[in-house]
Each structure stands twice: as C-alpha cells, then as structure tokens.
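Colleague: Quick one, fold the following:
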Amino acid sequence: MPTDVSSAASLVPRLVVPDPDAAAEFYRRALGAEVLARFAMSDGTVTNIDLAIGTASVSLTTEVQEWGLLGPRTVGGSPILLKLTVTDARQVRDRMVEAGADEVVPVEDRPYGRCEGRLRDPFGHLWIISHVSEDLTDDEIRRRIGSPDAGS
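Modeller: Got it, this is the predicted structure:
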C-alpha cells in the first residue's frame, strides 16, 4: 500500500545557474533573500546554496553540463514559472529590474484580482511577482476571465 507522504513533504526548487554566489547576491538585493547555508566541493564548485525569501525557500546549484545540470540560458529558456506572492508587486518589480532582471509581462492589475507580471532574472529563470488586489471568489474570477466553468 502506498504511503501518504503529503504531511511530511516539502518542495524547494533548486535553480541551476552558472554562478550561484552571483545569483544569491542578486536574490538578496532584488528579493531580500537570506542565505541559510552554502556548500561547495574542494574544487570550489558550489553544489548548494539554500535561500529564504520571506517564508519561501529556494536553493541554487552550479550549472555543470557533464552532470546534466543545465540552466535556462543553456537550454534556450525556462519551462518553469516561479510565482512569488509579495505585499507590493510593483515595488518588487522595481527592485528586480534595478538589480538586473527584465520585465517580460508588465506588472499590472489583472481582472482576476491580482496585481502581477512576469520577470526574467539575469540567469534566465522566470518569476511571476504577484499580490492580491481584490478578494474575489473562484466564481467571480471565472466570470471575469470568461471561463466556460463560470457559474458551474
């Protein structure tokens, strides 16, 4: 019988980057990240930097093609969107852009009750920066976005 691991599970994205120390510094400046731990091999290759961004966690590792660890710039883009909910998405957007990120989708009010947009960090990872701007029910959101599930 399968074991239910949901009560003990945690998920921490590990971002592959060419220079984890530079990435940690970017996330510190742009998102207020705090380094919790850093581990490197004897040759200096950083295997892991654990970061806290508010109550969220993310870790970083060095891109090593021989190990199959490839970052977004190497593979031609990121297939993952990291959604970070903050108290002021526009302010965080400004900090990220000032630190070197590119705004891909403007941070603005959306019909589904969120102020959000998408940014690409200097390492190619895509972030949705978001905050709640209106407290809406799921049905209200469905109606506003024209979902075929509205009212069901």
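Colleague: Which parts of this protein are helices?
Modeller: If you assign secondary structure with DSSP state H, the helices in the chain sit at 20-31, 72-75, 89-99, 138-145.
Colleague: Now render those helices as JSON lines, adding mean neighbour count and mean pLDDT.
Modeller: No exception for glycine: its C-beta is placed from N, CA and C like everyone else's. As requested, those are arranged in JSON lines below (neighbours: other C-beta atoms under 10 Å; pLDDT from 0 to 100):
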{"stretch": "helix 20-31", "mean neighbour count": "20", "mean pLDDT": "98"}
{"stretch": "helix 72-75", "mean neighbour count": "15", "mean pLDDT": "96"}
{"stretch": "helix 89-99", "mean neighbour count": "18", "mean pLDDT": "98"}
{"stretch": "helix 138-145", "mean neighbour count": "14", "mean pLDDT": "93"}
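Colleague: I'd like those helices written out as a markdown table, with distance to Gly54 added.
Modeller: Converted to a markdown table, the helices of the chain look like this (distance: least, C-beta to C-beta, whole Å):
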| stretch | distance to Gly54 |
| --- | --- |
| helix 20-31 | 8 |
| helix 72-75 | 23 |
| helix 89-99 | 11 |
| helix 138-145 | 24 |
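Colleague: So which of the ones you listed is nearest Ser7?
Modeller: Smallest distance to Ser7 across the helices of the chain (C-beta to C-beta): 25.4 Å, for helix 138-145.
Colleague: Now do the strands in this protein.
Modeller: For the chain, strands defined by DSSP state E occupy the ranges 14-17, 34-40, 46-53, 56-62, 81-85, 102-109, 114-120, 126-132.
Colleague: domains in this structure, as residue ranges please.
Modeller: With domains defined by automatic domain parsing, the chain comprises 9-64, 75-152.
Colleague: helices and strands of the protein: which one bottoms out on pLDDT?
Modeller: Within the chain, no helix or strand scores below helix 138-145, which has a mean of 93 by mean pLDDT, DSSP states H and E.
Colleague: Tell me which residue lies nearest the centroid of this protein.
Modeller: Nearest residue to the geometric centre of the chain (C-alpha atoms, centre = their mean): Leu82, 3.1 Å.
Colleague: Quickly note the distance from it to Ile129.
Modeller: Going from Leu82 to Ile129 by C-beta to C-beta, to the nearest Å gives 10 Å.
Colleague: what do you get for Glu25?
Modeller: For Glu25 relative to Ile129 (C-beta to C-beta), the value is 19 Å.
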